[in-house]
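K.L.:
sequence and predicted structure are below.
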Amino acid sequence: CWAVDGEVVLVSSNMAGAAGAVNTALVFRSFGRPHVLVLASEAAVCDALDALAGPHTAQRGGDLRLGCVWTSVLARAGASGHGQTFRSAMFYVRKHYLGRLARDAGVHVLQVDTDVVWF
């Protein structure tokens, strides 16, 4: 399950940020919060995350619970890869799903960026 005790850490990523997303998930695991949901820019990012997370994932005997979903909104908006259009669209998508999780599903969401240092 991607939400435990009604809480989840939400990380967004594109292909370029996949390694950072896995690293962020591993940091939260070290804090006792192994349940992370990644909002990816496309399905291929979820495949890359699975390969990068490897032995850390619960499916492979580890304790990292890395869920991954992707959105088709970015492709429909013509926002792929990098650039201002992508960043703006991803910002909107991230906030939209954060709101839906909190409001509609009653989940407490901590949305983090992969370029933030947690200590």
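P.N.:
Right, received. Where do you want to start?

K.L.:
what's the neighbour count on Val22?
P.N.:
The local packing count at Val22 equals 26, with neighbours defined by other CB atoms under 10 Å. Yep, even glycine has a C-beta here, placed from its N, CA and C like the rest.

K.L.:
most centrally placed residue in the chain?
P.N.:
Val38 (1.7 Å; CA atoms, centre = their mean).

K.L.:
isn't that residue right up against Gly20?
P.N.:
No - using CB atoms under 8 Å, Val38 is not in contact with Gly20; the gap is 10.6 Å.

K.L.:
what touches both of the two?
P.N.:
With contacts defined as CB atoms under 8 Å, 6 or more residues apart in numbering, the residues shared by Val38 and Gly20 are Ser13.

K.L.:
excluding chain neighbours, give the residue nearest to Leu110 in space.
P.N.:
Distance criterion CB to CB, 6 or more residues apart in numbering; nearest residue to Leu110, sequence neighbours excluded, is Val9 at 5.0 Å.

K.L.:
that neighbour: how many residues sit nearby?
P.N.:
For Val9, using other CB under 10 Å, the count is 22.

K.L.:
from memory it sits against Leu26, does it?
P.N.:
No - the pair Val9 and Leu26 fails to qualify as a contact (CB under 8 Å) at a distance of 11.5 Å.

K.L.:
sorry, back to before: now for the residue nearest to Leu110: which residues touch it?
P.N.:
Shown here is Val9, whose contacts under the criterion CB under 8 Å, 6+ apart are Thr24, Ala25, Phe28, Arg33, His35, Val36, Leu37, Val109, Leu110, Gln111, Val112.

K.L.:
so which strand or helix has the residue nearest to the centre of the chain?
P.N.:
Of the helices and strands defined by DSSP states H and E, Val38 is found in strand 35-40.

K.L.:
show me what the helix or strand following that strand is packed against.
P.N.:
Once strand 35-40 ends, the next helix or strand along the chain (criterion: DSSP H and E) is helix 43-53. Contact here means 3 or more CB pairs under 8 Å, 6 or more residues apart in numbering; DSSP states H and E; on that basis helix 43-53 packs against helix 18-30, strand 35-40, strand 65-70.
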